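Novice: give me a 3D structure for the following:
(one chain, ligands or ions: 1)
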Amino acid sequence: MRIGFIGDIVGRPGRGMVRRFLPQLRESERLDFVVANYENASHGFGLTEKSAHELFRAGIDVMTGGNHTWDKKEIKGLLESLPLLRPANYPDGVPGRGVRIFETGGERLGVVNLMGHFAMPMVDNPFIAANRIVDVLEAEGVRNILIDMHAEATSEKRALLMMLRERVSAIFGTHTHVGTDDLVIDKGCAYVTDVGLTGCRDNVIGMDAKVPIERFLTGLPGRFEVPDRCKGILQMVVVEISEGRAAEAYKIRLYDEGERETVLRARVEA
Ligand code: FE2
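Specialist: Residues are numbered from 1 along each chain as shown. The predicted structure is shown next:
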C-alpha cells in the first residue's frame, strides 16, 4: 500500500494547499491512503467541524492531533463522529482515541497517534503506551502500522524509532513545523524526525512573524496569528509498505507557484 503523510496543516493557507494539490497528488503518487495532522488546521489552533469536512473532502482519510487537539470545543464530538485521532497517551477517560484500524487495498493499516513529554502537556509515558499498542495490534494480526509521533524533542522521536523499528512500518514526526532531512528506512521502518508544516513558508512556523519577533524582543505575551496572505508550501512523505515493511519512501514539496520537487529519498538501512 502507498500512503501519503502530511504533517501539521497550519490555518487557512495550509488547508488551501491541501485542497488545491492533494487530489492530483493522490493520482500522481498512486496513494491508497492519506494521513495528515489537524491540530493547527483552524486559525492555527485546533480543528473546527467546517475545516475537518473541507480536509476530508480534499482526500485525507484520517487525521492525527497533538497538544492543540483541544483548542476548539467542538473537537470532543468530532473525535467520535469523524476519523480523527488524539494522542493515545492521554490518560484513560479522555475523549477520543489514539489508534484506529483501516482497510485499504485489501489490507489492514493501524494508525497510531502519540505525543512526546518534553515541553508538552503532562500525559502518560508515550513509550510504554507505544509498546502496549503495538502488542495489541500484533495480536490482532495488523502488520501495517504507522505512527505520528507529535513531539518537540528530536531525541524522543529517534528513541521511538530505535525501540520499534522492527515492529512498525513507519514513524513520522510532527509538531515542530520544521522539516528535517533524516528520512530513512531503518530495518523496514520509514522514519523522519519531522515532516514539516503545510501552510505559510515565509513566516515563523506558519504564523505571522510580527508576533514572535515582538515576543522575543520584549518578553511580553502575544497571540500567534496565521497570516491572511503568504507563500504556501505543502510537504508530504510518501511511503510504500509491503507486508508490514516499508520498501520505499520519499518526501515531496509543492509550492503555491505550482513548482514541485522531490527533496528527500530514504536511504535503506538493513
Ligand atoms: Fe503541536
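Novice: helix, strand, or coil at residue 114?
Specialist: strand (DSSP: H, G, I helix; E, B strand; the rest coil).
Novice: ok, it - contacts?
Specialist: By Cβ atoms under 8 Å, 6 or more residues apart in numbering, the residues touching residue 114 are 87-89, 98, 126, 129-130, 147-151, 160. Just so you know, the C-beta spots here come from the backbone N, C-alpha and C atoms, and that holds for glycine as well.
Novice: can we see that at 10 Å?
Specialist: Residue 114 sits next to 64, 66, 85, 87-89, 98-99, 123-124, 126-127, 129-130, 133, 147-151, 156-157, 160, 171 when contact means Cβ atoms under 10 Å, 6 or more residues apart in numbering.
Novice: can you get me a residue count around the residue of the stretch 1-150 of the chain found nearest the ion?
Specialist: Across the stretch 1-150 of the chain, the shortest distance to the ion (Cβ to the ion) belongs to residue 66, at 3.8 Å. A count of nearby residues for residue 66, using other Cβ atoms under 10 Å, gives 26.
Novice: residue 8 is in contact with that one, correct?
Specialist: Yes: the pair residue 66 / residue 8 is scored as a contact, 8.0 Å apart, by Cβ atoms under 10 Å.
Novice: overlap in contacts of the two?
Specialist: 37-40, 150, 174-175.
Novice: which ones among these map onto strands?
Specialist: Judged by DSSP state E, the shared contacts of residue 66 and residue 8 include 37, 150, 174 as members of strands.
Novice: could I get the residues you listed as CSV with distance to residue 256?
Specialist: Shown next, in CSV, are those (distance: Cβ to Cβ, whole Å):
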residue, distance to residue 256
37, 20
150, 26
174, 21
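Novice: pull the CA atoms of stretch 91-100 into PDB?
Specialist: These are the backbone C-alpha positions of stretch 91-100, laid out as PDB (Å, rounded to 0.1, in the frame of the first residue of the first chain):
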ATOM      1  CA  PRO A  91      -5.000   9.200  30.400                       C
ATOM      2  CA  ASP A  92      -7.900   6.800  30.500                       C
ATOM      3  CA  GLY A  93     -11.300   8.600  30.300                       C
ATOM      4  CA  VAL A  94     -10.100  11.400  28.000                       C
ATOM      5  CA  PRO A  95     -12.500  11.700  24.900                       C
ATOM      6  CA  GLY A  96     -11.500  10.200  21.600                       C
ATOM      7  CA  ARG A  97      -8.900   7.600  20.800                       C
ATOM      8  CA  GLY A  98      -5.300   7.300  19.700                       C
ATOM      9  CA  VAL A  99      -5.500   4.200  17.500                       C
ATOM     10  CA  ARG A 100      -7.700   3.200  14.600                       C
END
